[in-house]
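Participant: I would like to see how this sequence folds:
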Amino acid sequence: MSAPTTIDLSRLPFPAAIEALDFETLFAAFRDRFQAAWDEARADNPDLPPYEVGGLETDPVAIVGQAWSYLRLLDRARVNDAVRSVLAPMARGSDLDQIASRQGVLRLELVPASGNEPAVMEGDAQLLRRYLLSFDRPSAGSASRYLYEAWTSAPKLHDVRVNGRAVHGRIGDTDVVIIGENGVAATQAELAVVQAAVQAPDVKPEAVGVSVLPATRHEFQVVQTILVPVGPDAEIVRKEAEDRVRLIADSRMKIGAGVPRDLLAGASFGPSVIDVQHHEPVADIVAHPYTVPVLTLIDITVEVAS
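Facilitator: Numbering: from 1, shown residues only. Next up, the predicted model:
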C-alpha cells in the first residue's frame with residue numbers, strides 16, 4: 001500500500017458549460033441585430049432614413065448597445081459563476097462548503113475565535129482534498145481512508161503518506177507517515193491525534209497493524225551563482241531567481257518526493273539570467289518513502305557580465 005494516485009485537477013479540461021466572455025463579440029452582435037431590425041422596419045416604412053452612423057462614437061444606438069452588451073456580459077458571468085459553484089474543483093468558499101456537506105464533510109476550525117479575532121478556518125484546497133478522499137471512507141483500511149482521517153484529525157499537517165507491504169515488506173502492517181505544517185517535524189500531539197484517528201474501529205481492520213510515524217526531514221540548501229547582463233537591476237534578478245527556486249523546492253516538499261539537482265539549477269533561469277553555476281546540492285536528493293526534502297536556505301550570488 002502507498003499513497004493513492006490522485007487526479008491533478010489543474011489538468012481537467014475546462015467545462016464547456018462555462019462560456020468565454022467577450023464584450024466586443026456581444027456588441028458586434030447587437031449592432032448586426034439592430035441593423036437587421038432597422039432594415040426590416042424600413043422595408044415596411046420606406047420613409048425611415050437609412051442607418052449609416054453606426055461607426056460614430058456619439059451614435060445613440062451605439063451608446064445603448066454598449067450599455068446593453070455590458071449588462072449581457074454581467075449576466076453571462078453570473079451564469080459562469082453559477083456553473084463553477086456546483087463543480088467541486090472550481091467551487092470556492094461557501095459554495096464548496098455546500099458540496100462537501102453532501103459527504104458529511106465540514107470545514108474544520110484551525111484556530112478558535114478569540115476576542116475580536118475571527119476563527120481561522122481550513123482553506124478551500126484542504127477542504128476539497130478531504131472531500132475527495134471522503135468517498136473512500138466506507139473502505140476501512142484503504143490508503144484514502146487513512147489519509148482522510150489523518151488530515152481531518154490534524155488539518156495543519158503539510159503532508160501524509162501511507163506505506164504498506166509493497167513499500168516496507170511487512171505483511172499486515174501499515175505505516176502512516178506525517179510531516180507537520182510548513183515541513184516542520186510532526187509533534188507528539190500530532191502523532192497521537194492521528195494515531196487515535198487511524199486506529200478507530202471503523203477505520204482500521206482488526207487484523208491490521210497501523211503505526212503513525214514522523215517523516216524524516218532531509219534538509220538541503222541551494223547555493224548558486226547566476227550571471228546577468230549589464231543593465232537590469234541585479235538584486236531584482238536575484239530575487240526573481242530565488243523565488244523560482246523556492247517555488248520548485250516547495251512543490252517537492254512531499255513525503256516520498258525526490259529533488260533532482262538539475263531541476264533546482266534550471267529553476268534559476270529566467271529573464272536576464274545568462275548562465276547559472278549550481279554549487280549545492282551537489283547531487284540529486286533521492287526519493288524515499290519515509291523522507292521529505294525540506295529547503296532551509298537559498299544563497300544566490302550575482303555576477304554581472306563584463
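Participant: Buried residues, the helix ranked longest in the chain. List them.
Facilitator: Identified as the longest helix of the chain according to DSSP state H is helix 60-85. The neighbour-count check on helix 60-85 (16 or more other Cβ atoms under 10 Å) flags 61-62, 65, 69, 72-73, 76, 80, 84-85 as buried. (Glycine included, C-beta is placed from N, CA and C.)
Participant: TSV for the residues you listed, including distance to A189?
Facilitator: Formatted as TSV, those follow (distance: Cβ to Cβ, whole Å):
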residue	distance to A189
V61	69
A62	67
G65	64
S69	58
R72	55
L73	52
R76	50
N80	44
R84	38
S85	37
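Participant: What is the nearest of the residues you listed to R217?
Facilitator: R84 (38.0 Å; Cβ to Cβ).
Participant: Just give the nearest non-adjacent residue to that closest one, would you?
Facilitator: M90 (4.2 Å; Cβ to Cβ, 6 or more residues apart in numbering).
Participant: do A119 as well
Facilitator: Leaving aside its sequence neighbours, A119 sits nearest to A113 (Cβ to Cβ, 6+ apart; 4.1 Å).
Participant: Tell me how far that neighbour lies from V120.
Facilitator: Separation of A113 from V120 (Cβ to Cβ, to the nearest Å) stands at 9 Å.
Participant: Then Q35?
Facilitator: Remark: distance between Q35 and V120 (Cβ to Cβ) = 57 Å.
Participant: A100 now?
Facilitator: 18 Å.
Participant: cool, D275 as well?
Facilitator: 44 Å.
Participant: Likewise for L157?
Facilitator: For L157, the distance to V120 - Cβ to Cβ - is 15 Å.
Participant: for the stretch 151-300 of the chain, what spans make up the helices?
Facilitator: 165-168, 188-198, 234-251, 261-267 (DSSP state H, counting those that start in this stretch).
Participant: neighbouring contacts of the longest one?
Facilitator: Residues from elsewhere that reach helix 234-251, judged by Cβ atoms under 8 Å, 6 or more residues apart in numbering: 222, 224, 226, 228, 259, 263-264, 267-273, 276, 293, 295, 298, 300, 302, 304.
Participant: Separate out the buried members of those.
Facilitator: By neighbour count, with 16+ other Cβ under 10 Å, these hold 222, 224, 226, 228, 259, 263-264, 267-268, 272-273, 276, 293, 295, 298, 300, 302 as buried.
Participant: so I298 sits right up against V222, yeah?
Facilitator: Yes: with contact defined as Cβ atoms under 8 Å, I298 reaches V222; the gap is 4.9 Å.
Participant: which residues touch the closest residue to Q221 other than its chain neighbours?
Facilitator: Excluding the flanking residues, the one nearest Q221 by Cβ to Cβ, 6+ apart is L297, at 3.8 Å. By Cβ under 8 Å, 6+ apart, the contact set of L297 is 221-223.
Participant: Can you tell me which of the residues you listed is closest to L191?
Facilitator: Q221 (27.4 Å).
Participant: And for the residue nearest to A119, the neighbour number?
Facilitator: When neighbours are defined as other Cβ atoms under 10 Å, A113 has 10 of them.
Participant: Tell me how far it lies from E122.
Facilitator: Counting by Cβ to Cβ, the gap from A113 to E122 is 14 Å.
Participant: Same check on R31?
Facilitator: Going from R31 to E122 by Cβ to Cβ gives 49 Å.
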